[in-house]
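**Q** Got a predicted model here, sequence first, then my questions.
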Amino acid sequence: MNLITGIPMKNKILLNACFLLFILFFNSCKKQETISKELEVIVPVTVTHIDTTSIDDFEEVSGTVSYITKTPVKSNITGYITSVSIKTNDLISRGKTLFTIKTKEALALGNDVNKLDPNLHFGKAVVIQSSTNGYVTAMNIEKGNYVQEGDILAIINDLERYGVIINVPFELKKYITLNSTLSVYLPDGRIISSTVKQFIPSVDVGSQMQSVFLKIDTKENLPENLIVSVRIPKSQKASLISLPKTAILSDEIETEFWTMKLINDSTAVKIPVQIGIKNQERTEIIAPKFDLKDQFLTSGNYGVGDTLKVKIIKTLK
């Protein structure tokens, strides 16, 4: 017996409509599932493990290579420059002859007087020598020039007073002591040692920073005005768990912190953390406790949700 035949026409139409809606709904769900799979994003990431070595808490300040003493070479008589044995940028040593000077009278009468009595040695040139080791940075005269007593003939940058000047916020001064050692980081990646030699006895009115002179311990001569970085150590903490700064994320006001941790080879999840001391490179993790084998995202982790599909492209040490 055909059951549909006995159903009134109105009910038949309603039944067909319901069946059609079911087919449309089923196809729509299947289509949405397909689209969701197609839109699932897999992010390429780099990962790292926790570090259990000590961490230094420090402040990094900028510094400038400088010669804080510039020695003027002065004429000690009035006369004419008869010889010049240096030029700009020459490296000279203490005691080197720089200039010779003869008075006007010596030039005019010297030869004639010496002919009458050679033992008089009248008209002998006065020798001007260097009183320091350093570089000639300025030449104010040439051979044959007439100079007055006290005129500045040249300027020498004193190598004994050569180093790095750093400007330190006054509150950081307590972490620096005379004759302590600080590391100087050069723009080319090298690190050289320096010794704290002098606190300049004044503070800038606007910035409230104090200048500190660091004597460079190596014999390498760096160009004046080169900008370098200097790290001021504040404290050191051993036997802790830390992660690179790039693995730690925070909200805008830095009250909440978290990291993205791998739970398998292809999935990372958001883990809230409590941080401790930090420097420009690493941040201490106080809680929760992590395992040495745990892996954390250091790239591809910014602006993502609580769960992320990932593909590991590099593992950092």
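**A** Right, received. Where do you want to start?
**Q** List the contacts of residue 144.
**A** 80-81 (CB atoms under 8 Å, 6 or more residues apart in numbering). For the C-beta atoms, the positions are set from N, CA and C on the backbone; glycine is no exception.
**Q** Next, it: secondary structure please.
**A** What DSSP: H, G, I helix; E, B strand; the rest coil gives for residue 144 is coil.
**Q** what does residue 220 give?
**A** coil.
**Q** Excluding chain neighbours, give the residue nearest to it in space.
**A** Nearest residue to residue 220, sequence neighbours excluded (CB to CB, 6 or more residues apart in numbering): residue 192, at 7.0 Å.
**Q** how many neighbours does that neighbour have?
**A** Residues near residue 192, counting by other CB atoms under 10 Å, number 15.
**Q** Then residue 202?
**A** Neighbour tally, residue 202, other CB under 10 Å: 8.
**Q** Test for you: state the pLDDT assigned to it.
**A** Residue 202 carries a pLDDT value of 87.
**Q** Need the residue closest to the centroid of the chain.
**A** Nearest to the mean C-alpha position of the chain, by CA atoms, centre = their mean, lies residue 229 at 4.6 Å.
**Q** Identify the residues contacting that one.
**A** Neighbouring residues of residue 229 by CB under 8 Å, 6+ apart: 60-63, 184-185.
**Q** Include pLDDT when you put those into a markdown table, please.
**A** Below are the contacts of residue 229 laid out as a markdown table (pLDDT from 0 to 100):
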| residue | pLDDT |
| --- | --- |
| 60 | 87 |
| 61 | 92 |
| 62 | 93 |
| 63 | 94 |
| 184 | 94 |
| 185 | 93 |
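**Q** rewinding a little: in what helix or strand does the residue nearest to the centre of the chain lie?
**A** strand 227-237 (DSSP states H and E).
**Q** So which elements touch the helix or strand following that strand?
**A** Next helix or strand after strand 227-237 toward the C-terminus (DSSP H and E): strand 242-244. The contact analysis (3 or more CB pairs under 8 Å, 6 or more residues apart in numbering; DSSP states H and E) places strand 242-244 against strand 282-287.
**Q** Neighbouring strands of the strand it packs on in the sheet, and parallel or not?
**A** strand 242-244 (antiparallel), strand 267-278 (antiparallel) (DSSP bridges).
**Q** which among the contacts of residue 229 end up buried?
**A** Buried members of the contacts of residue 229, scored by 16 or more other CB atoms under 10 Å, are 61, 63, 184-185.
**Q** Which members of these are positioned in strands?
**A** 61, 63, 184-185 (DSSP state E).
**Q** before we move on, the earlier item: nearest to residue 44 among the buried ones among the contacts of residue 229?
**A** The closest of the buried ones among the contacts of residue 229 to residue 44 turns out to be residue 185 (CB to CB; 31.2 Å).
**Q** so that closest one makes contact with residue 230?
**A** Yes - if you go by CB atoms under 8 Å, residue 185 and residue 230 touch, sitting 7.2 Å apart.
**Q** quick check, nearest of the buried ones among the contacts of residue 229 to residue 225?
**A** residue 63 (11.0 Å).
**Q** Contacts only, for that closest one.
**A** For residue 63, the contact set (CB under 8 Å, 6+ apart) comprises 164-167, 184, 214, 227-230.
**Q** Show me what it is bridged to.
**A** On the basis of DSSP bridges, residue 63 is bridged to residue 166, residue 228.
**Q** just the buried members of the contacts of residue 63?
**A** For the contacts of residue 63, a burial check counting by 16+ other CB under 10 Å picks out 164-167, 184, 214, 228-230.
**Q** Max pairwise distance over those: which two?
**A** Based on CB to CB, the longest span within the buried ones among the contacts of residue 63 runs between 167 and 184 and measures 14.4 Å.
**Q** related to what we said a few turns ago, now the buried ones among the contacts of residue 229 as TSV including distance to residue 156?
**A** Below are the buried ones among the contacts of residue 229 laid out as TSV (distance: CB to CB, whole Å):
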residue	distance to residue 156
61	29
63	23
184	24
185	29
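**Q** Can you give me the domain assignment for this structure?
**A** 42-54+238-315, 59-67+161-236, 72-156 (automatic domain parsing).
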